[in-house]
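Enquirer: Need the 3D shape of this:
(2 chains, ligands or ions: 2)
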Amino acid sequence: MHTGAGVEARLPIRSDMDLVWVRQHVRQAAAKLGFSLVDQTKLVTAASELARNTLVHGGGGRMEASHVTTGGTDGLRLAFSDSGPGIPDLDRALSDGYTSGGGLGMGLGGARRLVHDFAVETAPGAGTTVRVTSWVSRPPRLRGDV
Amino acid sequence: MPQHETGATPPTPAQEVRDFLWRRSEQIAQRWADEPLFRAVFTVSREEAVEAGKAVVDALAQVADSQRVEDPDAAGFTGVREQLARMGAARSRAGLSATQVSSELAALLPPVENLLVADLEQEEPERLREASTALSVLLGTLRLVAMQTALSEIQALTDRQRLQLLEVATPVIKLWDGIVAVPLIGTLDSARSQVVMETLLNAVVDQHARFAILDITGVPTVDSLVAQHLMKTVAAARLMGAECVVSGIRPAIAQTIVHLGLDLGTVKTRAGLADALAYCLHELGTNIVAAAPGGAGRR
Ligand SMILES: Nc1ncnc2c1ncn2[C@@H]1O[C@H](COP(=O)(O)OP(=O)(O)O)[C@@H](O)[C@H]1O
Ligand SMILES: [Mg+2]
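Expert: Ligands and ions are numbered 1, 2, ... in the order given. Okay, here's the model as predicted:
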């Protein structure tokens, strides 16, 4: 078990430079909690996608990182939130290749595939919060039985 | 508390200073023109130094007028910030340390103070003392403003250097006749990708390259934006008649790309730089290989 030191953080997402700090923090936190190299890379990549969405589509916001545990398993939870326009059609936004801008449209759906738990809270005009969690080695519960 | 009253209310110390600055603007500027700070910056014309001095006196009077002699954010300073920055920068270029520049700024006070004393000699000593305190606070604030401005100049410089670093960190290496390689290092954000693409396309043209290798061993994260940039670069190079090969995709990144759902199908990839080079050589030089079956033999 881990104490959580160096994992908990609240980082602003206001510029490209902030995205660098977000990735760096997630990488370090994941390494501290004992994630494998592949799992670190997955988490950092998911964080990069979600943080960029916060910046580009949400007009800026923040990431909160926290250390979670279940049944002796360590996990890393990341919450990306903004008070932007919100996502009007979440299913469509999650589908591969859909973009409202000039992106590849792979970020949201891709991030969901890269983590164990994925939840979006959004409403038109009310901003967006995406919460993701990954667990060191195995997820304590199988995904799919939501 | 300072009050704006009509009638016999005596002026506040700040107002006293304001009136003095207005009255003596020309003389103060003349004296400052002989101080090292102004002399060293306006080397060509004394006239210019006096003009610059007047602008600073004016700003100080405005600040005094707003009764905010202690406030570096007072609106009155806005107009002279740029000028102070230029003066500070000129002194730093001349080799002065920040402390030395600061004491040159401090040296602006005594000549003004002497004038003030001369002007208010007839007044009660208390009024003179208060006015002279307000004046020295005001000039202290000016010093602070100049130092703040210098600091933000340093910030701007670091930002510029960061941008320049992006450029030098994108070397194009000619590996072979017709084959160039770009080892990408660090974060491939949009600004950086633009630089990479331009550098690469220029090299393709200049070196008549038929192959360009993009080595991403040094890129820590490949997300959909990075992938999009890579694909755009590959497409642009193709338009220039060059084929791109992306090398250095590490195993963890390869797995992540697959989960992310990115399709790099249109992009030729090789594990390492050497594999990529071998591929390009093979594509370029089937004849060379066929003509030298012995390997090390004479051509
Ligand atoms: N934080 C957000 N705020 C508002 N809209 C969002 C947000 N995140 C995603 N979206 C919407 O979902 C779409 C799909 O996102 P994504 O899969 O990351 O693709 P891309 O960013 O390449 O457009 C975006 O184009 C945008 O319309
Ligand atoms: Mg996106």
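Enquirer: Might you name the residue of chain B sitting closest to ligand 1?
Expert: Going by C-beta to the nearest ligand atom, ligand 1 is nearest to residue B:224 of chain B, at 6.0 Å. In short, each C-beta sits where N, CA and C put it, glycine included.
Enquirer: give me the number of residues near that residue?
Expert: Residue B:224 is flanked by 25 other residues according to other C-beta atoms under 10 Å in any protein chain shown.
Enquirer: Any regions of chain A where pLDDT drops low?
Expert: Counting by pLDDT under 70, chain A contains low-confidence residues at A:1-4, A:138-146.
Enquirer: near ligand 1, which residues of it show up?
Expert: Contacts of chain A with ligand 1, taken as C-beta under 6 Å from any ligand atom, map to A:49, A:53-54, A:57-58, A:82, A:84-85, A:87, A:93, A:98-101, A:103-109, A:128.
Enquirer: residues in chain A within reach of ligand 2, list them.
Expert: Applying C-beta under 5 Å from the ion, one finds that chain A approaches ligand 2 through A:53, A:103, A:107.
Enquirer: these two touch, right, the second one and residue B:226?
Expert: Looking back up the chat, that one is residue A:103. No: counting by C-beta atoms under 8 Å, residue A:103 stays clear of residue B:226, with 11.9 Å between them.
Enquirer: The two - which one has more neighbours?
Expert: Legend: neighbour count by other C-beta under 10 Å for residue A:103 and residue B:226, higher for residue B:226 (25 against 19).
Enquirer: so where does that one fall, helix or strand?
Expert: With secondary structure defined by DSSP states H and E, residue B:226 is part of helix B:224-239.
Enquirer: Using CSV, list the CA coordinates for the following helix or strand past that helix.
Expert: Next along the chain after helix B:224-239, taking DSSP H and E as the criterion, comes strand B:243-247. Provided in CSV are the C-alpha atoms of strand B:243-247 (Å, rounded to 0.1, in the frame of the first residue of the first chain):
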residue,chain,number,x,y,z
GLU,B,243,8.4,8.7,-48.5
CYS,B,244,8.4,8.9,-44.7
VAL,B,245,9.3,6.1,-42.4
VAL,B,246,8.5,6.4,-38.7
SER,B,247,11.0,4.6,-36.4
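Enquirer: which stretches of chain B have low pLDDT?
Expert: B:1-8, B:160-169, B:286-299.
Enquirer: Try it again at 50.
Expert: Low-confidence segments of chain B, defined by pLDDT under 50: B:1-3, B:5, B:288-292, B:295-299.
Enquirer: what residues does it put near chain A?
Expert: Along chain B, the residues adjacent to chain A under the rule C-beta under 8 Å from any C-beta of the partner chain are B:187, B:189-191, B:220-225, B:227-228, B:251-253, B:255-256, B:259-262.
Enquirer: and if we set it to 7 Å?
Expert: Contact residues, chain B versus chain A (C-beta under 7 Å from any C-beta of the partner chain): B:187, B:189, B:221, B:223-225, B:227-228, B:252-253, B:255-256, B:259-262.
Enquirer: now, among the residues you listed, which is nearest to residue B:139?
Expert: Residue B:139 lies nearest to residue B:189 out of these, by C-beta to C-beta, at 44.1 Å.
Enquirer: burial of the closest residue to that closest one other than its chain neighbours, as a residue count?
Expert: Residue nearest to residue B:189 in three dimensions, not counting chain neighbours: residue A:16, with 4.9 Å by C-beta to C-beta, 6 or more residues apart in numbering or on different chains. Neighbourhood size, residue A:16 [other C-beta under 10 Å]: 13.
Enquirer: do you know how far residue A:16 is from residue B:50?
Expert: Distance of residue A:16 to residue B:50, computed by C-beta to C-beta, to the nearest Å: 46 Å.
Enquirer: residues touching residue B:244, list them.
Expert: B:212, B:214, B:233, B:234, B:237, B:267, B:268 (C-beta atoms under 7 Å, 6 or more residues apart in numbering or on different chains).
Enquirer: so what's it bridging to?
Expert: residue B:212 (DSSP bridges).
Enquirer: how close does it sit to residue B:280?
Expert: With distances taken as C-beta to C-beta, residue B:244 is found 10 Å from residue B:280.
Enquirer: what's the answer for residue A:81, then?
Expert: Distance, residue A:81 to residue B:280, using C-beta to C-beta: 47 Å.
Enquirer: Compare these two (neighbour count), which wins?
Expert: Between residue A:81 and residue B:280, counting by other C-beta under 10 Å, residue B:280 is the more crowded of the two (25 against 19).
Enquirer: Now the more buried one: closest residue in space, sequence neighbours ignored.
Expert: Distances taken as C-beta to C-beta, 6+ apart place residue B:211 nearest to residue B:280, at 4.0 Å, with adjacent residues excluded.
Enquirer: right, and the one you found touches residue B:178 too?
Expert: Yes: using C-beta atoms under 7 Å, residue B:211 makes contact with residue B:178 at a distance of 6.4 Å.
Enquirer: any shared contact partners between these two?
Expert: In contact with both residue B:211 and residue B:178: residue B:284, using C-beta under 7 Å, 6+ apart.
Enquirer: Could you check which of these two is surrounded by more residues?
Expert: Comparing residue B:211 with residue B:178 by other C-beta under 10 Å, the one with more neighbours is residue B:211, at 24 against 19.
Enquirer: contacting residues around the more buried one?
Expert: Going by C-beta under 7 Å, 6+ apart, residue B:211 touches B:178, B:179, B:242, B:243, B:245, B:280, B:284.
Enquirer: How many neighbouring residues does residue B:234 have?
Expert: 22.
Enquirer: tell me the contacts of it?
Expert: B:244, B:267.
Enquirer: Would you mind naming what in chain A lies close to chain B?
Expert: Counting by C-beta under 7 Å from any C-beta, chain A comes close to chain B at A:16, A:20, A:23, A:37-38, A:41-42, A:44-45, A:48-49, A:52, A:96, A:103-104, A:106-107, A:109-110, A:113-114.
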